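Asker: What follows is a predicted protein model with its sequence.
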Amino acid sequence: MPVISYDYFPTPHLKNGKLIAIYTPVVALKLSANYKMYPYSIKCLVDSGADFNLFPADIGEKLGLKIKKGEKVEHIGIGNVGITAYAHPVKIFVKEYSFKSEIHFSYDHKIPLLGREGFFKYFKKVIFNQKDLKLDLKYCG
């Protein structure tokens, strides 16, 4: 069973006035839609608490998507804060592996998130190794 592995990525945080690094599972990927490839690799947080993929709208716009023409969806997050997004079909490229999925693009959200329904379900196993700070994506190929 092929495995794609990623090291967790350090992100800065303030704790009691001190700058610390928190290591998070981040995947670099490429996107295409409507026969157009996004020109840069996108670093995305792999979020086991997210149901769907949620990306900033500017990424979809650079793919030529008419964001507000997509199906309108509402996301409720921490603190019951609502975010309006618009669903669009895309193709996701993770290293040598690719699949068609859906991304919800929002003007109110700035961090690309990969969720269970739009990302995890395309892999046989998604393994968060917190001790070794590694993420393994296992797929049948």
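Answerer: Right, received. Where do you want to start?
Asker: Contacts made by the longest strand seen in the chain with the rest, please.
Answerer: For the chain, the longest strand by residue count, based on DSSP state E, is strand 82-94. Residues outside strand 82-94 that contact it (CB atoms under 8 Å, 6 or more residues apart in numbering) are 4, 27, 29-33, 54, 57, 60, 63, 65, 67-77, 98-109, 119, 122, 137. For the C-beta atoms, the positions are set from N, CA and C on the backbone; glycine is no exception.
Asker: Residue nearest the middle of the protein, spatially speaking?
Answerer: Nearest to the centroid of the C-alpha atoms of the chain, with distances taken as CA atoms, centre = their mean, sits residue 114, at 2.8 Å.
Asker: Neighbours of residue 108, how many?
Answerer: Other residues near residue 108 come to 13 when the count uses other CB atoms under 10 Å.
Asker: Now residue 74: closest residue in space that isn't a chain neighbour?
Answerer: Excluding the flanking residues, the one nearest residue 74 by CB to CB, 6 or more residues apart in numbering is residue 82, at 5.6 Å.
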